[in-house]
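Asker: This is a predicted model, with the sequence first.
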Amino acid sequence: MAFVLTSPGFETGQILPQAQVYNGMGQSGANLSPALHWQGAPEGTKSFVITAYDPDAPTGSGWWHWVVVNIPPTVTSVPEGAGSGKGGLPEGALQVRTDFGAPGYGGAAPPPGHLHRYVFTVYALDVPSLDVTADSSPALVGFMVHHHQLAAARLTALYGGVAR
């Protein structure tokens, strides 16, 4: 079985629901992290990491919207709002700082007139935890993930549009 990531709110290539859009920076969404479900993790998986990343952000390095580490290997889903303080992250999981400057989910907020991709990824790792803190950068987490990744499952949504 392949390692697969799904969400009940959207499929790859679809428009991100307003629930997952930021409330600020010109947007008026609910800023809730999406419900995510994964299956088919490879044998030997000892933890998971979830990331949400916008490669199209006009920064030169994209924009990290959500990073959660140290998810136990027995967990295969998170509910909507888990990264937004609504509960549902498993015990031991840790959200680290995003490009919004604080840990937790920050929804889609592209500049007016721009269509962006939002890539949600679950990584299966060969270690039970990453030695990071809530103030660690997404780049540090990415470096560690790169060295411990067994597999990755992705789901890409779109948000934004042409200028009116």
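Answerer: Happy to help now that I have it. Numbering: from 1, shown residues only.

Asker: quick one: the helices in the chain?
Answerer: Applying DSSP state H to the chain gives helices spanning 138-148.

Asker: can you list the weak-confidence ranges in it?
Answerer: Applying pLDDT under 70 to the chain flags residues 161-164.

Asker: With G142 as the reference, measure out to the nearest residue to A35 once chain neighbours are set aside.
Answerer: Excluding the flanking residues, the one nearest A35 by C-beta to C-beta, 6 or more residues apart in numbering is E80, at 4.2 Å. Any C-beta I mention is one placed from the backbone N, CA and C, and that applies to glycine too. Separation of E80 from G142 (C-beta to C-beta, to the nearest Å): 25 Å.

Asker: What's the local residue count around the spatially closest residue to P55 that is not a sequence neighbour?
Answerer: Once flanking residues are discounted, P55 sits nearest to G62: 4.6 Å by C-beta to C-beta, 6+ apart. Residues near G62, counting by other C-beta atoms under 10 Å, number 17.

Asker: cool, G106 as well?
Answerer: 25.

Asker: Next, give phi and psi for the spatially closest residue to it that is not a sequence neighbour.
Answerer: Once flanking residues are discounted, G106 sits nearest to F100: 4.0 Å by C-beta to C-beta, 6+ apart. When read as degrees, to the nearest 10, the backbone of F100 gives phi -80, psi -10.

Asker: Bridging across strands, which residues link to the nearest residue to W66 once chain neighbours are set aside?
Answerer: Using C-beta to C-beta, 6+ apart and skipping residues adjacent in sequence, the residue nearest W66 is A52, 3.8 Å away. Assessed by DSSP bridges, A52 has beta-bridge partners W66, F120.

Asker: tally of neighbours for A52?
Answerer: 27.

Asker: Kindly report the same for S129.
Answerer: Neighbourhood size, S129 [other C-beta under 10 Å]: 15.

Asker: Test my guess that it contacts A93.
Answerer: No: S129 is beyond contact range of A93, at 9.8 Å (criterion: C-beta atoms under 8 Å).

Asker: Now the common contact residues for these two.
Answerer: Common contact partners of S129 and A93 (C-beta atoms under 8 Å, 6 or more residues apart in numbering): V69, N70.

Asker: ok, back up a step: of E80 and G142, who's got more company?
Answerer: More crowded of E80 and G142, by other C-beta under 10 Å: E80, with 20 against 16.

Asker: In this structure the more buried one contacts F10, no?
Answerer: No: E80 is beyond contact range of F10, at 11.4 Å (criterion: C-beta under 8 Å).

Asker: what residues do those two have in common as contacts?
Answerer: P34.
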